[in-house]
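Asker: here is my input; please provide its structure:
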Amino acid sequence: MRAFSQLLDDLTYTRSRNAKLKLIGDFLKATPDPDRGIALGVLTGEVDIPAVKPATIRALAEERIDPVLFKMSRDYVGDTAETVSLLWPTAADDRPEIDDGTIGIAEIVERLSAASRSDAPAILADLLDHLDASGRYALLKTATGALRIGVSARLAKQALADAFGIDVEAVEEVWHALAPPYEELFAWGEGRAEPPDVAEMPVFRPFMLAHPLEDDQKIDLSDYVAEWKWDGIRVQLVRAGGETRLYSRTGDDIGASFPDVLAAYDQDGVVDGELLVRGEAQGGEAGSFNALQQRLGRKTVSKKMQADYPAFVRLYDLLIDGKEDLRGLSWSQRRARLEAFIEYLPEDRFDLSSIVEADSLDALDALREEARDTGVEGLMLKRRDSRYVAGRRVGLWYKWKRDPLNADCVMMYAQRGSGKRSSYFSDYTFGCWTEEGELLPVGKAYFGFTDEELKKLDRFVRQNTIARFGPVREVEKSLVLEVAFDSIHASSRHKSGLAMRFPRISRIRDDKPAEEADRIETLRAMAT
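Answerer: Reported below is the predicted structural model:
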């Protein structure tokens, strides 16, 4: 456990991507099975300990730590695990710490995973009693799955691939067929076994991605085909071995939220497309992203919700047809195969992404801006001869998004960030004015600003706080933020009746009085 807790400490204070890759790779090579596989599962979010929840940790903390001290410290630190790890009292009976190599992370995870909800608190407390502060922090982060150490699942897989000299895309190909502690994966990496055979398993294939098309970039349009970029979520449907799965772009299995789509896909193969819902206001065409959100993340979906928000997939590409891998073919060849493949799928759940015809980039640009009210984010430009290759490859695919919408909003509340931002107020809720002069929240953003701007915003929050609600500060309504967002939709879940899509802070408007910020009516006119 000491080695893993040291790894987490080192990753937390390391900014360099290459340095993070080396730290993880060195750990995986030096650590035996099953500890390294469990650690890799923790880093990639594949370890789940259902008996331990944040409330469990808070309850333990309130038993062992003065509640006032804990609350004040948690507010200052901004992270429960870090606060508990530092304040947890040393065991009174002088028992030796177990964070000395005598217990590994695999054994700790096994203990907690096997525990019931009623037994888990005692087991967790016993472990906390024996670990040092660093070990306690690693334990709590492992138990809750909330690492926030600047390591994505993709980066952890890249570190594994680099450490053992295998291709990261090959790792992605087999990843969803395996589970911690990944002994087959390490046996392959160390040359002790062949790659895992996933031919009959519905595993995720890495997506082909696009580079943004720069404003001054010139391309020969005759080499490319244009398609609409729809405002849903990119998904991959896979059927093999009699089982169908629906994956998000990050490789998460989201099929439980869309059983209607799973049931409709009964052809062996892998398709790439955009998950959407049909909207009544759009005449049965693609509804807004806000409508899709009603179903995202749900573990179960009622028949009524399926009827109210019927899901479908707009197909972009065909990766595998039956057992034939088409990714080495050109886009034009795959498109022809996709047009034949879709004939076997029900038309109420699947349709084909249409080709946008234009004779110049200027003509496409005009269509791109006109499309703001039709549920699209912009355009995709794909080379007709491009193979389907994982990741972003220069010159093959481009995304040409619409220019963002903008609004001048007033900061209302701020909250501390997590991880490296736990010392700063970096999450901002902002609002716009009603006709009656009331300020209503319209969105929340926590990126878009530079490090220097973050310090400036944090200073403003500290100097202009008028009320505190736990970790949240209410501030004087005097600072205007220019907020950029991709789209805005009507929402019954928000007091303002509006919900922004991808809001980010684009500028601090020191020059603008708060009373001159935008009105709710202005934003409502932008809503789709």
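Asker: let me know the pLDDT of residue 455.
Answerer: pLDDT for residue 455: 92.
Asker: actually residue 97, not the one I wrote
Answerer: With respect to pLDDT, residue 97 scores 51.
Asker: surely residue 106 forms part of a helix?
Answerer: Yes. According to DSSP: H, G, I helix; E, B strand; the rest coil, residue 106 belongs to a helix.
Asker: might one say that it is in contact with residue 38?
Answerer: Yes. The pair residue 106 / residue 38 is scored as a contact, 4.4 Å apart, by Cβ atoms under 8 Å. In short, each C-beta sits where N, CA and C put it, glycine included.
Asker: those two: which is more packed in?
Answerer: Taking other Cβ atoms under 10 Å, residue 106 and residue 38 do not tie; residue 38 has more neighbours (26 against 22).
Asker: could you measure from the more buried one over to residue 49?
Answerer: In this view, residue 38 and residue 49 are 11 Å apart by Cβ to Cβ, to the nearest Å.
Asker: OK, contacts around the residue nearest in space to the middle of the chain?
Answerer: The centroid of the chain falls nearest to residue 250 when counting by Cα atoms, centre = their mean (7.1 Å). Contacts here follow Cβ atoms under 8 Å, 6 or more residues apart in numbering; on that basis residue 250 touches residue 153.
Asker: next: residue 350.
Answerer: So residue 350 contacts 264-265, 273, 312-315, 342 (Cβ under 8 Å, 6+ apart).
Asker: spit out the residues that contact residue 38 and residue 49 alike.
Answerer: Listed as contacting both residue 38 and residue 49 by Cβ under 8 Å, 6+ apart are residue 109.
Asker: now stretch 1-16: buried residues?
Answerer: For stretch 1-16, a neighbour-count test (16 or more other Cβ atoms under 10 Å) marks 1-8, 10-12, 14 as buried.
Asker: quick one: residue 380 is in a strand?
Answerer: Yes. Residue state for residue 380 (three-state DSSP) corresponds to a strand.
Asker: tell me the bridge partners for it.
Answerer: Bridge pairing for residue 380 (DSSP bridges) gives the partners residue 227, residue 399.
Asker: can you get me a residue count around residue 394?
Answerer: When neighbours are counted by other Cβ under 10 Å, residue 394 comes out with 7.
Asker: whoops, I mixed them up, residue 223
Answerer: 13.
Asker: for residue 45, same thing?
Answerer: Using other Cβ under 10 Å: residue 45 sits among 15 other residues.
Asker: looks to me like it is in a strand.
Answerer: No. Counting by three-state DSSP, residue 45 is located in no strand; its state is coil.
Asker: residue contacts, it?
Answerer: Taking Cβ under 8 Å, 6+ apart, we find residue 45 in contact with 145, 153.
Asker: any idea of the pLDDT on the closest residue in space to residue 172 that isn't next to it in sequence?
Answerer: Excluding the flanking residues, the one nearest residue 172 by Cβ to Cβ, 6 or more residues apart in numbering is residue 206, at 4.5 Å. pLDDT, residue 206: 90.
Asker: one more: the one 5 residues further on?
Answerer: For residue 211, the model assigns a pLDDT of 91.
Asker: ok, the residue nearest to residue 172 to residue 388 distance?
Answerer: Distance of residue 206 to residue 388, given as Cβ to Cβ: 10 Å.
Asker: residue 119 too?
Answerer: Residue 119 is 49 Å from residue 388, by Cβ to Cβ.
Asker: again with residue 231
Answerer: 23 Å.
Asker: likewise residue 421?
Answerer: Remark: distance between residue 421 and residue 388 (Cβ to Cβ) = 37 Å.
Asker: more neighbours, those two?
Answerer: More crowded of residue 421 and residue 388, by other Cβ under 10 Å: residue 388, with 24 against 16.
Asker: wait, that one sits on residue 333?
Answerer: No. Residue 388 is not in contact with residue 333 according to Cβ under 8 Å; the separation is 10.5 Å.
Asker: list residues touching both of those two?
Answerer: By Cβ under 8 Å, 6+ apart, residue 388 and residue 333 have these common neighbours: residue 326.
Asker: show me the shaky parts of the stretch 101-250 of the chain.
Answerer: 101-102 (pLDDT under 70).
Asker: what do you get if the cut-off is 90, keeping everything else the same?
Answerer: 101-104, 130, 144-154, 169, 172-173, 176-177, 197-200, 212-220, 230-232, 249-250 (pLDDT under 90).
Asker: that one: strands as residue ranges?
Answerer: Secondary structure of the stretch 101-250 of the chain by DSSP state E, counting those that start in this stretch: the strands cover 208-209, 211-212, 224-230, 233-240, 243-248.
Asker: what is the orientation angle of the fourth one with strand 243-248?
Answerer: Looking back up the chat, that one is strand 233-240. Going by axes from the mean of the first three to the mean of the last three Cα atoms, to 10 degrees, strand 233-240 is angled at 160 degrees with respect to strand 243-248.
Asker: which residues of the stretch 101-250 of the chain fall in helices?
Answerer: 105-114, 120-130, 133-144, 153-164, 168-175, 183-189 (DSSP state H, counting those that start in this stretch).
Asker: where does residue 39 fall, phi/psi-wise?
Answerer: phi -60, psi -40 (degrees, to the nearest 10).
Asker: element containing residue 505, please.
Answerer: strand 504-509 (DSSP states H and E).
Asker: quick check, residue 516 in contact with residue 409.
Answerer: No. Residue 516 is not in contact with residue 409 according to Cβ under 8 Å; the separation is 11.5 Å.
Asker: common neighbours of those two, please.
Answerer: By Cβ under 8 Å, 6+ apart, residue 516 and residue 409 have these common neighbours: residue 480.
Asker: who has more neighbours, the two?
Answerer: residue 409 (30 against 12).
Asker: residue contacts, the more buried one?
Answerer: Shown in contact with residue 409 (Cβ under 8 Å, 6+ apart): 430-432, 442-443, 480-483, 517-518.
Asker: show me what it is bridged to.
Answerer: In this entry, residue 409 is beta-bridged to residue 481, by DSSP bridges.
Asker: gap between it and residue 512?
Answerer: Relative to residue 512, and taking Cβ to Cβ, residue 409 is found at 11 Å.
Asker: just for the stretch 351-500 of the chain, where's the confidence low?
Answerer: The stretch 351-500 of the chain contains residues with pLDDT under 90 at 359-362, 364-378, 390-394, 401-405, 416-424, 435-437, 447-448, 450-452, 468-472, 486-500.
Asker: can you give me the strands for it?
Answerer: 355-356, 376-383, 391-392, 397-401, 405-416, 425-433, 439-445, 465-469, 472-475, 480-485, 487-490, 498-501.
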